[in-house]
Each structure stands twice: as C-alpha cells, then as structure tokens.
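Engineer: Predicted model and sequence below, questions to follow.
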Amino acid sequence: MNQSTRLAGAALGVLIAMAGPGCRAGAAAGPAAMSAPAPARAAQPAPDPDNRASHGGSYPWIPDQGDGSYRNPVILADYSDPDVIRDGDRYYLVSSSFTSTPGLPILRSTDLVNWTIVGHALDNLPGDRYAAFQAGAGVWAPSLRAHAGVFYLFVPLPDEGIYVLTAPRPEGPWSAPRLLIAGRGLIDPCPFWDDDGQAYLVHAYARSRAGIKDRLRLRPMATDASRLLGEGQIVFHDPARHPTLEGPKMYKRNGWYYILAPAGGVPRGWQVALRSRQVYGPYQDHVVLAQGRTPVNGPHQGALVDTSGGQWWFLHFQDAGIYGRVVHLNPVSWQDDWPLMGDPAPDGSREPVLRHLKPALPPAAPAIPQTSDEMEAGDRLAPQWQWHANHGDDWADLRARPGWLRLRAQPLPAAGLVAAPHLLTQKLPARAFSAETRIELGAADLAAGLAMVGESTAALVVEKVAAGDGGTAGTTPGQRVALWIDGRNTFSAPVPGGAVRLRVSLADGGACRFAFTVAGGAPQVIEQVFTARAGRWVGAQIGLFASGPAGGFADFDYLRFAPPEADRKGQPAGTEEQRN
C-alpha cells in the first residue's frame, strides 16, 4: 500500500482497564467504567483478491510504515497460535513450536507492531519419541499468563497431556516442563485466576486424538497450578453453529467471564467471543471477527491485550500456506460488553484491518524477528534457529572456527531429509526472498547444504567422496554439487575443492530456484524449479544440515537473507544429462 496514504484522524476514547488478576500481567484490576470506540485507523485499500497489498512483499517485510501506521501481518512468519500478555510496558508473545527445538519461542515488543525473539522456554521436548521428527506432533497452542509474581506457560502435547512451565520473568529461565494432566487429545489450555482467588483451566479437545471436538471444558485448579481439582464441566458445545471450536483464552471484565475461541477450522474459520455472568455458564456467543470482504482468511485464535493508556487490541493468526500461520494485529472496541475486533463491515459483522494507526504507545524502532546470521553469536546459536526435533548439545559449534558455524555430521534417517532431526531451520521471513550460505566440508563421505523443507523437500548439497574408497556406486571421488528433491538426485556437477556458495531464491507463491558459486566463478543457476510446500500444520522452513558418519563436519560462514534474485544473470548449470 502507498505509504503516502493520508491517515484518518480521530480522537482516541478512554478505554477500560482489564479487570481481574487472571487476565494478564501488568493490568490494572477493577471494574470498567464505560465503553469506548476502537483506536483511529488508517485509510483502507479496496479488497485485494490477489492477496498482495496486505500480504505480498519481498524481504524484508516491515510492518511499521514509519508514518504512524502499520500494515498486517505484523509478523510475516510462522508463529502459530499466538498468545500475548502485557507486563508493564512490554508485551510478550509465545507460539506453538510442534517438534522444533528449542521450543516455545518468546518474542517481545513495546508497541505490538515491532517484535524480536528474546529466547525459548523449552530446550527439548519431554519423551524419547521426540528424538525423531514427528509431523504434526509436539507443542500445540500454549498460553502465557502471570499470577502472584510468577509467569506460567501452559503447554499441550496432544499425545501426552498438558504441561506447566514457570519462570520469574518471560525471558526466563524457565523450569522443566511438569505434567499437569495426562491424556490424549487435551489441547489448547488456558489458566484463569478469578477475583475471589479461585483458579481454573479451560481447554479444548483434538478430534485426531480424542475423537471429539467442538467442546470447551472448564476445570477447577489449585491456585499454584500444581494440580487440577476435578473434572469441571463442558461450558460450551454448539457444533451446528460453531464447529471445530478450540484455542480458548479466558478473561474477565465488567463482571463478565469471557472465553475467546476460534471456530470453523483453520483455513476459513472465525473468532467467537463467549460470555457469562457465572464462571461455568451458561455462555452467550457472538462472532467478533471474520474474513468479510478482505483477503485475510480464517482471522482467529489469538490474544486480547490492552495498553496502559486504555486501548485494546487482538493478535491472531492467518493460515498463509507455505508461509505458515502469520500474525495480525486488529483494534478492539467494546460495545454492549462485547469485544468487537477490526473494522465494521456493511452487514454489521467485523472484518480485519489491512492497515491501521499504530497503538498509542511510545515510539519503537522498526524491527522484525531475527533472520540473517553471520555466525558470530559466541557460544550459542542465535534465537532464530531451531532444530527439526530434539537435539544434542554438541551438534553445533560456534567456537571451533570463530565466525563460522560448524555442524557435526549426523546420520540421515531412512525417510530422508524431511525427517532429519539435525536439520537446523528457520521460518520463512517474507513471501519472496533469497537466502545464501557459504560452506566448506571438513571430511569426505559427507553431504551438507541448504534445504527448503515441508511435505516436499529440496536441498542444494555439497558432497565429498574420498579418492580410493569407492564411494557410492557410480560416484567419482572428489567434490560435487547436487540437487536433491524428495530423496532423488535430480542434478549433479563436479566442483573444485574448497568453499562453495549456495543460494535459493523463493518467488511469491513458492517457486524456488537454486544456484551455486565456486571461487572466482559466476553463479550457476540450476534450471529445475522446485515448488515449496507447507508441512503438517506448519509452514515450509529453510535449513542447513550436515549428514554423514560420526566425526565429519561442515562449516557454514553465514546465512544471509535478501530480496529475491531474478537469477537472469546466472547460466543454467550442467547438461540435460546431468540434470536428469
């Protein structure tokens, strides 16, 4: 959208501070005095069926427009199922992480628009099974809350149960996960501490594990979250009107208990607000956000937060295919004690904003979650990196060769790279970008490279085979570059020994072109185009890896993201016979 768009001026009404200690950290408790309009908004564009104005864009995607407005999504990366709280003048976001480790990423912002990663709450997942990649398993939608000076994470593993982690501050250190309740299919837990000191846990069910869905259960809980105190009861079940009800978040305001929950499924669902004067109901329901005329499909599942000045906001995800579940920010206005989100639509419903005035908070420098890495972080990986499953502490080394990342070789699983726990990944940071690394292999009989991973996987690989050992049948000793697609070698070309630069360029929509460069040469572009695909409930990921026998390693000089390369200057690499 044109940054010169004139912003519509409007006085901001006084909004109400959230009541009740169970709502979020840093909020003033007490009943609300009056309702107020939503924050003023920027002029909106026409509906965009090609999904470009609101979501298109090359790296870097900057939501802060520098003119007092922002564009959605505020995080164009796969931070699924976000929950957010305010702690004083800072906001903290946590998201699902499935089997990626470290898990439970924690992001921080002072203005709800500019976010950076400050750490992770979970080093490895509990259980031996997570030493192997498990598609669609692991950490589902967590909740982040604070009570009595302690920060809590309630975390569901749908095959094991609900866990609790605690910390003195959101940045950590976080405790080891403690199992609160075992059970398959118990998902999306959220704690709530009431004004009278009673505590509760609301959660949903996963049909894939429990055989039921559409139900929200509220259980009594010890105030220190050490145990549940009973079965509680189902507080809402209306599958005809709100199928696939999940992701509940519980709040209290003006004497009303609220449960915010997404309904209708991830790709095309809507956001529901439930309210009752009694904690166990009966609950009234109201749809407070839906796609409407916008390109924002399924605008739901997220967190309701306020500012110290009284504004209210809702952060939620949108399923963006290969880019994962990206995060949007919508203004909230309270009308008749309902939290109405986004903008009004002609039919009286509410729809997401594509651009809006920023929250009335102190200015913050434009920022996005970290991406590029020069491998100079010291003795720990930068926070944007996650392994594909549980990892070993010795898999990566930043001290063996200062300024380089050394990945120690691990065996490749029979299922191939898609299942490799030692794949070191990042989320896709924009709809179109290029990413480049420089790699040196430290041993023979080794393969290492740059991968694009999802339900279909491609990797541009440097392979080294020792002279005289025979190697793989038909393999010439020496070094070569190869393109693997879903386990098949679709291209191969010999290259001199030494460092090789590898690059992937991703076009809007997922078309990937790979290229490589050897010392003193021009980029050699491989003709074959690979189309990235999302994983199971996650977006595609970009990653680095080193596979081979114990003792081998590969050194990576950097990973640099940039706007996408047209690749017209490079020449297709290899002959047709080599490509086949």
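Structural biologist: Yep, it's here.
Engineer: quick one, domains of the chain?
Structural biologist: Using automatic domain parsing, the domain parsing of the chain gives 69-357, 386-579.
Engineer: winner for burial among these?
Structural biologist: Most buried of these by mean neighbour count (mean count of other Cβ atoms under 10 Å) is domain 69-357; its value is a mean of 21. Backbone N, C-alpha and C define where each C-beta goes, glycine included.
Engineer: next one: that domain to chain centre, how far?
Structural biologist: 13 Å (Cα atoms, centre = their mean, to the nearest Å).
Engineer: avg pLDDT for it?
Structural biologist: For domain 69-357, mean pLDDT rounds to 97.
Engineer: if we can go back for a sec, take the domains of the chain and write them to CSV, including distance to residue 57.
Structural biologist: Putting the domains of the chain into CSV (distance: least, Cβ to Cβ, whole Å) gives the following:
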stretch, distance to residue 57
domain 69-357, 7
domain 386-579, 6
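Engineer: Strands of the stretch 201-350 of the chain, residue ranges please.
Structural biologist: Remark: strands assigned in the stretch 201-350 of the chain by DSSP state E, counting those that start in this stretch are 215-221, 233-237, 249-253, 256-263, 270-276, 284-289, 300-306, 312-319, 325-335, 338-341, 343-344, 350-351.
Engineer: Could you check the angle the fifth one makes with strand 325-335?
Structural biologist: Counting by axes from the mean of the first three to the mean of the last three Cα atoms, to 10 degrees, strand 270-276 points 40 degrees away from the direction of strand 325-335.
Engineer: who's in contact with strand 270-276?
Structural biologist: Here strand 270-276 makes contact (Cβ atoms under 8 Å, 6 or more residues apart in numbering) with 216, 235-236, 242, 245, 256-264, 282-291, 298-302, 314, 316, 337-339, 341.
Engineer: got a list of what the residue nearest the centre of the chain touches?
Structural biologist: The centre of the chain sits closest to residue 79, judged by Cα atoms, centre = their mean, with a distance of 1.7 Å. By Cβ under 8 Å, 6+ apart, the contact list for residue 79 reads 93, 95, 105, 107, 317, 324, 325, 326, 327, 369, 427.
Engineer: Low-confidence stretches in the stretch 401-550 of the chain?
Structural biologist: 467-476 (pLDDT under 70).
Engineer: where do the strands sit along it?
Structural biologist: With DSSP E, counting those that start in this stretch as the criterion, the stretch 401-550 of the chain has strands at 405-408, 424-427, 433-441, 446-453, 458-465, 478-485, 488-495, 500-506, 511-518, 524-525, 530-531, 541-547.
Engineer: Which secondary structure elements does the first one sit against?
Structural biologist: In this structure, strand 405-408 makes packing contacts with strand 396-397, strand 541-547, strand 553-562, judged by 3 or more Cβ pairs under 8 Å, 6 or more residues apart in numbering; DSSP states H and E.
Engineer: Which of the strands of the stretch 201-350 of the chain sits closest to residue 373?
Structural biologist: Residue 373 lies closest to strand 325-335 among the strands of the stretch 201-350 of the chain, at 21.5 Å (Cβ to Cβ).
Engineer: What distance do you get for the closest residue to residue 213 other than its chain neighbours to residue 232?
Structural biologist: Using Cβ to Cβ, 6 or more residues apart in numbering and skipping the chain neighbours, the partner closest in space to residue 213 is residue 207 (4.1 Å). Taking Cβ to Cβ, to the nearest Å as the measure, residue 207 and residue 232 are separated by 20 Å.
Engineer: contacting residues for the closest residue in space to residue 339 that isn't next to it in sequence?
Structural biologist: With sequence-adjacent residues excluded and distances taken as Cβ to Cβ, 6+ apart, residue 339 is closest to residue 332, at 5.1 Å. For residue 332, the contacting residues are 38, 304, 312, 313, 314, 339, 340, 341, by Cβ under 8 Å, 6+ apart.
Engineer: With residue 153 instead?
Structural biologist: Shown in contact with residue 153 (Cβ under 8 Å, 6+ apart): 94, 104, 121, 142, 143, 144, 164, 165, 166, 167, 174.
Engineer: Mind doing that once more with 7 Å?
Structural biologist: By Cβ atoms under 7 Å, 6 or more residues apart in numbering, residue 153 lies in contact with 94, 104, 121, 142, 144, 165, 174.
Engineer: same deal with residue 249?
Structural biologist: 83, 143, 190, 260, 303, 304.
Engineer: Dump those to a markdown table, plus distance to residue 274.
Structural biologist: Formatted as a markdown table, these follow (distance: Cβ to Cβ, whole Å):
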| residue | distance to residue 274 |
| --- | --- |
| 83 | 17 |
| 143 | 16 |
| 190 | 13 |
| 260 | 8 |
| 303 | 16 |
| 304 | 13 |
